[in-house]
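Novice: coords please:
(chains A and B)
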Amino acid sequence: MNVVEQLVRAPVAAVQFANILLTQDDAKVGVTPKDVVWTHRKTTLYRYRSDRRRHPVPVLLVFALINRPDIFDLRPGNSFVEFLLGEGFDVFLIDWGYPDEEDSDFGLEEYVCDELPWGIREALRESGQDELTLLGWCIGGALCLMYGGWSQDNPVRNMALLTTPVDTSGSLYSTWVARDSFDVEYVADGFKAIPGQAVDWANKLMKPVTNYWTTYRRLWDGVLAGEPRRDAYQAMARWVADNPPFPAAAYRDWITWMYKENRLVRGRVRLRRRRVDLGRIDQSLLIVTAGADHIAPPHGTKPLLDLVCSEDITCIDRPGGHIGLMAGSKSRSEIWPDIVQWLEPRSQSTREGIRSGNNRTQ
Amino acid sequence: MADERRSSPTEDVRRLYEEAESRSAQAFEEVVSRGSFGELLARMTENVVALTKISTDVFDLMLRNLRLAGRQDITRLARQLARTEDKLEMVLQEVERLADELGAEALAGGARGGRRSSANGRAGSAGSGSTGSASTGPGSTGPGSAGPGSAGSGRGARGAK
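Specialist: You can find the predicted model right below:
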């Protein structure tokens, strides 16, 4: 397209560009039909409807405490949940909801020792199974790890961790919040629920030009070229802008334990007077890292390999970002099939062939 | 070379622009990864928290003087509701645990009865042994300790419910 063509097209493109931005809140995300199985305070356990369940061991999806778990089910045609259902899995999702000031006392302890085990319990009751697969993403993965290291006898057969921070030393976040001058107690006292927009702003600030400029420039280029990818952009933009508050106690715990004191990797997290010992984790483990992840970089996740006692560990390291790896346009062909391939043999009624020996692969 | 062609001025401008954008992105990322930026961010966060606190207190005071419910009052009520829900959840878990135990007992009783009736035709009291009492297992610890293993409680009894 030459300059004259671009100039002629610019007014129409500008209207279309504005329309995409202005109507992004109307984008439909998380539309796969699901039923509420259990609720407690702001937490809701969903089970996705399916008549194609083939694998007996259900999968419980656990997302972070920031942003919404809709990213698992972003939009029809690009939904991880839809993909899992299509492959015959029984899929549950634990949604932490929108905590508010009344939940300011909700710390990581409550999430790991109450909400998560209760959700697991209800998922198992609903599915009629004895074991399940925990699939955690980002903070959700860290919650799953803490649960695995805290509980002495749990019904988790497999654990899949997607871009999960374990060792935060040297990360950009720790440069910001691990310093003494960042007074997390003061922040947690001032905001009973840390506004989601503030957390989102901090996340975007890690790559300011990419997040505040390049995203829009690329959209503009697409619109100008007549290929706006409207649905993909709007769904992702809506998800990014949907930021539930972070309960003050959980925020304080997360910043202090993970960044200021880096306790998880040092084995110094204690929940309900019991140490979280990652050495207790003996489940089949899938670790997925993204090469360009600036929030949970691969070098911050890999130390987990030396901490757990699982004999069946698979590590997948791919190019991509923290979210883009699992929810990008290429995820459907590049990463989801690998996850399903890993899950399938481990989701049958017997464990034959999975734990028959050391099976660490990378 | 047949494939080689001269790039147009528009393409040159575009390439230069993209290079500049990528360089500035890198430069900004370097800036935000510095300790001094972290320091600035910490101070800024503190200021924002302090301002929010002051404005919230002022607004809350105004509402209270007008005899209207403020944010704190609503939060207090919501917290009471949350506590009630916590208790209800405990009761629900206890009820489910008892239902599971009863179901397991019923199943065990049924199995004992079945064995007795089949044994009666042959020899005697084969059912007098301890056939599977209602073992609650590690999962059925009380509602307060629904952590480890509680997820395993009594799935076998689902059919009896």
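Novice: give the helix, strand or coil label for residue A:53.
Specialist: Classification of residue A:53 using DSSP: H, G, I helix; E, B strand; the rest coil returns coil.
Novice: chain B versus the nearest residue to it once chain neighbours are set aside, what's the distance?
Specialist: Leaving aside its sequence neighbours, residue A:53 sits nearest to residue A:90 (CB to CB, 6 or more residues apart in numbering or on different chains; 4.7 Å). In short, each C-beta sits where N, CA and C put it, glycine included. For residue A:90, the distance to chain B equals 14 Å [CB to the nearest CB, to the nearest Å].
Novice: where in the chain is pLDDT low?
Specialist: Reading this off chain A. Where chain A drops to pLDDT under 70, the residues are A:1, A:350-362.
Novice: should've been chain B
Specialist: B:1-5, B:112-161.
Novice: try 80 this time
Specialist: B:1-7, B:110-161 (pLDDT under 80).
Novice: and the longest helix for it?
Specialist: Using DSSP state H to define each element, chain B has its longest helix at helix B:71-120.
Novice: do that one and chain A meet?
Specialist: Yes. Interface with chain A: helix B:71-120 contributes B:71, B:75, B:78, B:79, B:81, B:82, B:85, B:86, B:89, B:93, B:96 (CB under 8 Å from any CB of the partner chain).
Novice: and the stretch 51-200 of chain A, which of its residues are near chain B?
Specialist: Contacts of the stretch 51-200 of chain A with chain B, taken as CB under 8 Å from any CB, map to A:100-103, A:113-114, A:117-118, A:120-121, A:123-125, A:128-130, A:150-155, A:172, A:175-177, A:179, A:181-183, A:186-187, A:190-192, A:198.
Novice: how does it look with 6 Å?
Specialist: A:101-102, A:113, A:117, A:120-121, A:124, A:128, A:130, A:151-155, A:172, A:175-176, A:179, A:181-182, A:187, A:190 (CB under 6 Å from any CB of the partner chain).
Novice: quick check: buried residues in the longest helix seen in chain A?
Specialist: The single longest helix within chain A, with elements called by DSSP H, is helix A:3-22. Buried residues in helix A:3-22, defined by neighbour count with 16 or more other CB atoms under 10 Å in any protein chain shown: A:9, A:13, A:16, A:17, A:20.
Novice: out of these, who's nearest chain B?
Specialist: Proximity of the buried residues of helix A:3-22 to chain B (CB to the nearest CB) peaks at residue A:9, which lies at 13.6 Å.
Novice: okay, now the residue nearest to that closest one when sequence neighbours are not counted: neighbour count?
Specialist: Leaving aside its sequence neighbours, residue A:9 sits nearest to residue A:224 (CB to CB, 6+ apart; 6.2 Å). Residue A:224 has 19 neighbouring residues, counting by other CB atoms under 10 Å in any protein chain shown.
Novice: residue A:224 reaches residue A:13, doesn't it?
Specialist: Yes. Counting by CB atoms under 6 Å, residue A:224 touches residue A:13, with 4.7 Å between them.
Novice: about what we covered before: can I get the longest helix of chain A as PDB, trimmed to CA atoms?
Specialist: Extracted in PDB, the C-alpha atoms of helix A:3-22 (Å, rounded to 0.1, in the frame of the first residue of the first chain):
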ATOM      1  CA  VAL A   3       1.400   6.600   0.800                       C
ATOM      2  CA  VAL A   4      -1.600   7.900  -1.200                       C
ATOM      3  CA  GLU A   5      -3.600   4.700  -0.600                       C
ATOM      4  CA  GLN A   6      -2.700   4.900   3.100                       C
ATOM      5  CA  LEU A   7      -3.900   8.500   3.300                       C
ATOM      6  CA  VAL A   8      -7.100   7.800   1.500                       C
ATOM      7  CA  ARG A   9      -7.800   4.900   3.800                       C
ATOM      8  CA  ALA A  10      -6.800   6.600   7.000                       C
ATOM      9  CA  PRO A  11     -10.100   8.200   7.900                       C
ATOM     10  CA  VAL A  12     -12.000   4.900   7.500                       C
ATOM     11  CA  ALA A  13      -9.300   3.100   9.400                       C
ATOM     12  CA  ALA A  14      -9.500   5.700  12.200                       C
ATOM     13  CA  VAL A  15     -13.200   5.200  12.600                       C
ATOM     14  CA  GLN A  16     -12.700   1.400  12.700                       C
ATOM     15  CA  PHE A  17      -9.800   1.700  15.100                       C
ATOM     16  CA  ALA A  18     -11.800   3.800  17.500                       C
ATOM     17  CA  ASN A  19     -14.800   1.400  17.200                       C
ATOM     18  CA  ILE A  20     -12.600  -1.500  18.100                       C
ATOM     19  CA  LEU A  21     -11.300   0.300  21.200                       C
ATOM     20  CA  LEU A  22     -14.600   1.700  22.300                       C
END
